[in-house]
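**Q** Sharing a sequence plus its predicted fold:
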Amino acid sequence: MKATLYALMVAVSVFTICSDAFAQGETAVPFLLISPDARAGGIGESGTGLADNGSAVFWNPGGLAFLKGNYLNLTHAPWLPEFSSDLSYDYLSFTHYLPGWDGSLGASITYFNLGTFVRTGSNSSQPLGTWHAFEYAVTLGYGAQVADGLGLGANFRYIRSELAPFGAEQEQGAGIASDVSFDLGLLYRPQELSLPFLGNLNDRLGFGIDLSNLGPNLYYIDQAQADPLPTNLRVGIAVHALKSEYNNIYLVVDLSRIMVRVRTDSSLVLSANGSGGVDSSWNYTNIVDPLPRSLITTWGDGSGLKRIIFSGGVEYWYGHPRLIALRWGIYKENPNFGGRNFMTFGAGIRYGIYGFDFSYISTFDANNPLSNQLRFSLGLNWGAKTEF
């Protein structure tokens, strides 16, 4: 059974492959990094500088400062269809504008279904029953403008991971863990801005910074083997490149990096054997730099800028009011640090307060588990327009 539980923990990392590859092996609950909405999924998994709908809770809580209505967003995705049909990802978010506070409250629920597993004995393949594995997170946030065109926001999050209701072999406890984390976000959207060669960019430029998943390490049974949360730094820019009555084009770019430092310490262990001799073996222990120290030491792990992920895309809207959207994006990662490289496509339609979006991932290499990944989002927006 120990092998079964450990295999599941490895599977969690594999199944959440759309999160940062560095996080897959060295952080817990990497599902927190999955892009939650089909709109951002269609423009290369980016949105830190845009953050102008209900998914701002995920992309940048600073974007909540600019929302002037109520947003409800629901996303569903069968996860990694090329790999398994038993996985799924669901995301629900809601934002509400508070006129007296000149800001918005945001809330979201993320649920990651890992499927059903068969429990067997430690020395036998005889089935002993089944269990269901899943992870979820509940997030509450708030954002407000602290100066003209400058929004600040923060999230608080409760995390629950239920990989297995039992321990491995004789271990006391279960593969169940809880944790908390918080996010900080800033979005600068100047109302008056003129740049050389670019001209007038009044209310057409968004620059965002988001630092997410700051919190204590998470552990299941042994606190000495705790793993860090997938603390992530994103910097993004969005430009409303074409702004007219019937045609609008957005250009979006994000740069992101996992801010975690895990080092391996080795020591030689000597033990007596039955024949009067001494056996030797090496013991390897992971040392996790705590926050906020890891925000600095992660840059000294020898990788330099190689762990930075580039993502971006283009979004085109037609109609007055906006009716149909077409999207394209690209996602690039260093070959030595994950190597994910794919294009994204998407489309959307709006009718009154209703909106529907979908996105599709097209990979460059064969047999990639990300191939044919689809996401579907349904959104409702009642209140003032929020697009910049």
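**A** On my side now, so go ahead. Residues are numbered from 1 along each chain as shown.
**Q** Leaving out chain neighbours, which residue sits closest to His132?
**A** Thr116 (5.3 Å; Cβ to Cβ, 6 or more residues apart in numbering). (Each C-beta comes from the backbone N, C-alpha and C, glycine too.)
**Q** Let me see the contact set for that neighbour.
**A** Shown in contact with Thr116 (Cβ atoms under 8 Å, 6 or more residues apart in numbering): Asp86, Thr130, Trp131, His132, Ala133.
**Q** Tell me, how many residues neighbour the second one?
**A** Okay, so that is Thr130. 9 (other Cβ atoms under 10 Å).
**Q** Using the three-state scheme, assign it.
**A** Three-state call for Thr130 (DSSP: H, G, I helix; E, B strand; the rest coil): strand.
**Q** in the sheet, who's paired with it?
**A** The partner list for Thr130 in beta bridges (DSSP bridges) reads Val118.
**Q** That one against Thr120, yeah?
**A** No. If you go by Cβ atoms under 8 Å, Thr130 and Thr120 don't touch, sitting 10.5 Å apart.
**Q** returning to that earlier point: any idea which of the contacts of Thr116 is closest to Ala154?
**A** Nearest to Ala154, judged by Cβ to Cβ, of the contacts of Thr116 is Ala133 at 30.5 Å.
**Q** my read: the closest one touches Pro165, true?
**A** No. Between Ala133 and Pro165 there is no contact under Cβ under 8 Å: 9.3 Å.
**Q** Tyr246 - how many residues pack around it?
**A** Residues lying near Tyr246 (other Cβ under 10 Å) number 10.
**Q** just checking, it touches Pro321?
**A** No. Using Cβ under 8 Å, Tyr246 is not in contact with Pro321; the gap is 10.0 Å.
**Q** Quickly list what Phe310 is bridged to.
**A** Bridge pairing for Phe310 - DSSP bridges - gives Leu255, Lys332.
**Q** do the same with Val262
**A** Beta-bridge partners, per DSSP bridges, of Val262: Val288.
**Q** Just the pLDDT at it, thanks.
**A** With respect to pLDDT, Val262 has a value of 80.
**Q** And the one 10 residues further on, by the same measure?
**A** At Ala272 the predicted local distance difference test score is 62.
**Q** Identify the residues contacting Lys243.
**A** The neighbours of Lys243, taking Cβ under 8 Å, 6+ apart as the test, are Arg204.
**Q** same deal with the one 3 residues further on?
**A** Counting by Cβ under 8 Å, 6+ apart, Tyr246 makes contact with Tyr318, Gly319, His320.
**Q** Most neighbours out of the residues you listed, which is it?
**A** Using other Cβ under 10 Å as the neighbour test, those are led by Gly319, with 14 neighbours.
**Q** show me what contacts it?
**A** The contact partners of Gly319, by Cβ under 8 Å, 6+ apart, come to Tyr246, Arg350.
**Q** and with 7 Å instead?
**A** Counting by Cβ atoms under 7 Å, 6 or more residues apart in numbering, Gly319 makes contact with Tyr246.
**Q** for Gly312, same thing?
**A** Applying Cβ under 7 Å, 6+ apart, the residues near Gly312 are Gly44, Ser46, Val252, Val253, Asp254, Gly329, Ile330.
**Q** hmm, try it at 8 Å
**A** By Cβ under 8 Å, 6+ apart, the contact set of Gly312 is Ile43, Gly44, Ser46, Leu251, Val252, Val253, Asp254, Gly329, Ile330.
**Q** any chance of these in JSON lines, plus secondary structure?
**A** Below are these laid out as JSON lines (three-state DSSP):
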{"residue": "Ile43", "secondary structure": "coil"}
{"residue": "Gly44", "secondary structure": "coil"}
{"residue": "Ser46", "secondary structure": "coil"}
{"residue": "Leu251", "secondary structure": "strand"}
{"residue": "Val252", "secondary structure": "strand"}
{"residue": "Val253", "secondary structure": "strand"}
{"residue": "Asp254", "secondary structure": "strand"}
{"residue": "Gly329", "secondary structure": "strand"}
{"residue": "Ile330", "secondary structure": "strand"}
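**Q** In a markdown table, list those along with neighbour count and pLDDT.
**A** Below are the contacts of Gly312 laid out as a markdown table (neighbours: other Cβ atoms under 10 Å; pLDDT from 0 to 100):
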| residue | neighbour count | pLDDT |
| --- | --- | --- |
| Ile43 | 30 | 97 |
| Gly44 | 27 | 95 |
| Ser46 | 30 | 96 |
| Leu251 | 16 | 97 |
| Val252 | 24 | 98 |
| Val253 | 19 | 98 |
| Asp254 | 28 | 98 |
| Gly329 | 26 | 97 |
| Ile330 | 17 | 96 |
